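**Student:** I'd like to go over a predicted model; first the sequence, then the structure.
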Amino acid sequence: MSLSSALSIAQSALLSTSRQTSVVTRNVADASNPDYARRTGVVVSTAPGARMVTIQRAVDQQLFRQNIIAISAWSGQSTLAGGLDRLQLAVNGVDNASSASTAIGKLHNALQLYATTPSNPNVGATVVDAAKQAIRSLNDGTQAIQAFRAETDTQIAASVSELNQLLAQFEDVNKTIVSGTRTGSDVSDALDKRDALLKRIAAHVPVTTHMRADNDMVITTTNGITMFETVARPVSFAPSAAYSPGMAGSTVYIDNVPVSGGANEASGKLAGLLQLRDTTGATMQAQLDEIARGLISAFAESAPPLPDAAGLFTWNGAPGVPANLVNGLAGRISVNAAFDPERGGNVTLLRDGGANGAGYVANAAGTASFSDRLIALGDRLDQPMAFSPAAGIAASSSVTAYSASAIGWLDHARQQATTQADTKEALASRTAEALSNATGVNIDAEMSLMLDLEHTYQASARLLTTVDEMLKTLLNAV
Amino acid sequence: MSLYGMMRTSVSGMAAQSSKLATTADNIANSDTTGYKRASTEFSSMVMPNTGRSYTSGGVTTTVINSISHQGIHKYTTSALDLAVDGNGFFVVQDPGGTKVLTRAGAFVPDGQGRLVNAAGFQLMAYPYGFTPAAGSADYGSLVPVAVPQGEIPAKATTEGAFQGSVPAGATPVPAANLPSANGVTAQSTVSSSLVIYDAQGTQRILDVHFTNTGAGTWEVAVFDRADAAPGGGFPYSSGPLGTANLTFDPVTGAIDPAVAPLSLSLPGGQAVDLDFSRMTETGTQPSVVQNADGYAGSAIEKVEISKDGIVSAIYGNGTIEKLFAIPLAEVPSPDRLTVLPGNVFAANGESGDVSIGLANQKTRGAIISGALENSNVDIAEELTDMIAAQRSYTANSKVFQTGSELMDVLVNLKR
């Protein structure tokens, strides 16, 4: 070994130490970046006087996969829980104050009061007022639900467009990784970026990933729909500007295959939104429609063999009484003008009957103290009737009980979604923590490595100066 | 006689030392020149015929020796086109005039035409990939300058693809009238996947592959061209399926039984693609299908890679590797006797023996290291000590001359 080669070796030692230091610096700089995986500079000795540093990136596929599954579940459930919260507030109000159930309860009370003093039309007018309250609750509820569905639809469109953007970015990054892997360059940064994109994609749709040769990744949804293979597959959705009851929302397609929102548990934001728009929104609307139908049939005038005719509560199909679920009935129900003193109606029709003609008059004698019909009306609010099973609540119950169940149904769904969201959030943060422990940066380890490197560098530099001294001695001899 | 002889001898000594100092000067000047080989001076005595009673001084003759066979240490660089030989061989290079010489200086960079030229302006020569030179000969005629291609690689059409994964067991069978193969409005599939393929022009095409359960353990695969899909995607496609196949899965193992031959598709335009479904299984409830196909679109060259064997490969953006040249190494029986020419190149002569050219990394020729350069084999410390010694020797010779001169002075002054 000559002095020149000693110099050259010391020089390459300095180079490899400085490269390792740059790896450590990068690790420390990105220590708080959750998408950054720790790099290790590995020194390889090839020939005398030459050492190369190759950069390795910490990977834990298993933990990463668990993490993205947890992210999907959390994102879906929190979307669901948030949506149900907003829906409850919009439809039922604070403490259910504006709910149909509360309004029906007040109507029931007013009816009982009128039954005790049937001769007082002023008390009768309070019944009509209470009926108007119930109608307002139903009409507002319908509007709120449809507005909520339209808003959710906009969110779906936003989610779809973000998903398309993410997939396009993914395509670029994946291309970089594949060609980088083939040409043997360092693709660690692109891999970090791809993992970060994958996490964001997983927040929208639950995904499964498969690796092909050269670090090429294929993404499918957990239902096997291809999202990315060589190129990004299109995610398409035609948003609707406004929603009306009974209107079906348009479908989201990934790679031309329809995506379903599923029932109960939602995985991924898209599934959560679809479920809110199509399942929750539609079911709640059906419940309001059934409450409206219940009110119309409870207050209907009946005088067999004449057909039942709409009484205090009427709709655009009057005088008939709807027998089955009518989409949007809650938005079209109104107070019969014949009963409404403000519109020239007569409240006593409620006591005597006959709004649909003389054949329906119950108090033929015109007795002022006749209260049988009022008592019968109050009873009918508590009598069981058949409701459509499509609305998701016990098919046979009274209108009063049914409207209370509707509140209970929403509360239950909301509570369940919130509990699930909390559980999934815990899972997501735990898996993220485990992933970070496995692949993240440990500042302590980096610092001690840095000290080691500093010493190596100092030693190499010392060698350089020593060799330099030796050469100087030689030159002085000349 | 002897005084003159003594003076002539000391002159020859001074000349020899100055020649040694000249080689030292050259060595120090070129101590950082890539591929430079140290020159050293060897002395041999010249003896006059002597009678035994008196001594007639002779002189010293010098021979310059180049330590060409002594390998310098490698210095690693970041350019893949920087080459070093780890062994006895030499690169064959040619000057602009076409004269072929040997060198160890491998700092090559592509010129305007993509040819690899080193710092001294010599072009690197190689055999086209696949050519095997005859053993022990020097086939200069077949050598061509190594040129990095600047064009594009043409696209390659997809000829085969494969699907791997599982379809869900216990799926609801689809009635025969609604099967994708019927291509009706009501057609539905159980699992839909798609695959990117390329035609001979490099145009991307997406094939829709529908897996449909037809009964317990039996599935139908129908492949359509996505370009034919109904507006908004899906059924009915404007033309029927490109191909259909039936898969039957073993109820116990879930594997395909009986085996299926790859599904041969004939695409519009005559392209034939074979799709392999033999590794599909029927398991679990969640489908998981992974697809893969060969073929690629045309793409530009990404980088050039040179292997230990001297094989120059172009790597294209789509990952295709094309082997272009094999850089050979030349060898001579006595490398230290090669004629040294300007630009760190060497030429064979009668003393060095004949050149033989063969592929790299074979026999004693050595391997080619990409991303490294061979430093000069000069050691500054050794040169400096040599220089000091030469200086002292020169001074001693001059003292001898001075003594001779003074004695002559005495002699001349004898006569007044």
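**Tutor:** Yep, that arrived.

**Student:** A:Gln420 should be in a helix, yeah?
**Tutor:** Yes - assessed by DSSP: H, G, I helix; E, B strand; the rest coil, A:Gln420 belongs to a helix.

**Student:** I'd guessed it sits against A:Ala81; true?
**Tutor:** Yes - A:Gln420 is within contact range of A:Ala81, at 7.5 Å (criterion: Cβ atoms under 8 Å). Every C-beta, even on glycine, is put in place using the N, C-alpha and C of the backbone.

**Student:** who has more neighbours out of the two?
**Tutor:** Ranked by neighbour count (other Cβ atoms under 10 Å in any protein chain shown), A:Gln420 and A:Ala81 place A:Ala81 first, with 24 against 20.

**Student:** mind listing what's buried in the host helix or strand of that one?
**Tutor:** Under the criterion DSSP states H and E, the helix or strand holding A:Ala81 is helix A:61-92. Buried positions in helix A:61-92, judged by neighbour count with 16 or more other Cβ atoms under 10 Å in any protein chain shown: A:63-81, A:83-84, A:87-88, A:90-92.

**Student:** is chain B within reach of it?
**Tutor:** No - using Cβ under 8 Å from any Cβ of the partner chain, helix A:61-92 stays clear of chain B, with a minimum separation of 11.8 Å.

**Student:** quick check: next helix or strand after that helix?
**Tutor:** Taking DSSP H and E, what comes next after helix A:61-92 is helix A:100-116.

**Student:** and A:Gly141, how many neighbours does it have?
**Tutor:** A:Gly141 sits with 26 neighbouring residues when counted by other Cβ under 10 Å.

**Student:** OK, contacts around it?
**Tutor:** A:Val91, A:Asn92, A:Ser98, A:Ser99, A:Ala100, A:Met284, A:Leu288, A:Ala330 (Cβ atoms under 8 Å, 6 or more residues apart in numbering or on different chains).

**Student:** which SSE is immediately downstream of the host helix or strand of it?
**Tutor:** Using DSSP H and E, A:Gly141 maps to helix A:121-183. Remark: after helix A:121-183, the chain's next helix or strand is helix A:188-204, criterion DSSP H and E.

**Student:** now do that next one: everything it contacts.
**Tutor:** A:35-37, A:39, A:55, A:57, A:64, A:67-69, A:71-72, A:75, A:159, A:162-163, A:166-167, A:169-170, A:173-174, A:176-177, A:180, A:207, A:209, A:215, A:217, A:219, A:227, A:268-270.

**Student:** also stretch B:42-61?
**Tutor:** Under Cβ under 8 Å, 6+ apart, the answer for stretch B:42-61 is B:1-2, B:5-6, B:8-9, B:12-13, B:16, B:62-65.

**Student:** and these, which of them are in helices?
**Tutor:** If you go by DSSP state H, those have B:Ser2, B:Gly5, B:Met6, B:Arg8, B:Thr9, B:Ser12, B:Gly13, B:Ala16 in helices.

**Student:** list the residues that contact the residue nearest to the spatial centre of chain A.
**Tutor:** In chain A, the centroid-proximal residue (Cα atoms, centre = their mean) is A:Thr79; its distance is 2.1 Å. A:Thr79 sits next to A:Ala266, A:Lys269, A:Gly272, A:Leu273, A:Leu276 when contact means Cβ under 8 Å, 6+ apart.

**Student:** for A:Met217, same thing?
**Tutor:** A:Met217 makes contact with A:Asn174, A:Ile177, A:Arg194, A:Thr209, A:His210, A:Met211, A:Phe228, according to Cβ under 8 Å, 6+ apart.

**Student:** most neighbours out of the residues you listed, which is it?
**Tutor:** Busiest of the contacts of A:Met217 [other Cβ under 10 Å] is A:Asn174, holding 25 neighbours.

**Student:** over to the closest residue to that one other than its chain neighbours: give its phi and psi.
**Tutor:** Spatially, and ignoring its direct neighbours in sequence, A:Asn174 is nearest to A:Met217 (5.9 Å; Cβ to Cβ, 6 or more residues apart in numbering or on different chains). Phi and psi for A:Met217, reported as degrees, to the nearest 10, are phi -110, psi 140.

**Student:** what's the burial count for whichever residue of the stretch 251-400 of chain A sits closest to chain B?
**Tutor:** Across the stretch 251-400 of chain A, no residue is closer to chain B than A:Asn256, which sits at 3.0 Å (Cβ to the nearest Cβ). Using other Cβ under 10 Å, A:Asn256 has 21 other residues around it.

**Student:** swap in B:Gln164?
**Tutor:** Using other Cβ under 10 Å, B:Gln164 is surrounded by 16 other residues.

**Student:** please name the nearest non-neighbouring residue to it.
**Tutor:** In space, and not counting its chain neighbours, B:Gln164 is closest to B:Arg279: 4.5 Å by Cβ to Cβ, 6+ apart.

**Student:** how about A:Leu475?
**Tutor:** Nearest one to A:Leu475, counting by Cβ to Cβ, 6+ apart, is B:Leu384 at 6.6 Å.

**Student:** what's the answer for A:Ala368, then?
**Tutor:** A:Ala368's closest residue in space is A:Ser119 (Cβ to Cβ, 6+ apart), at 4.0 Å.
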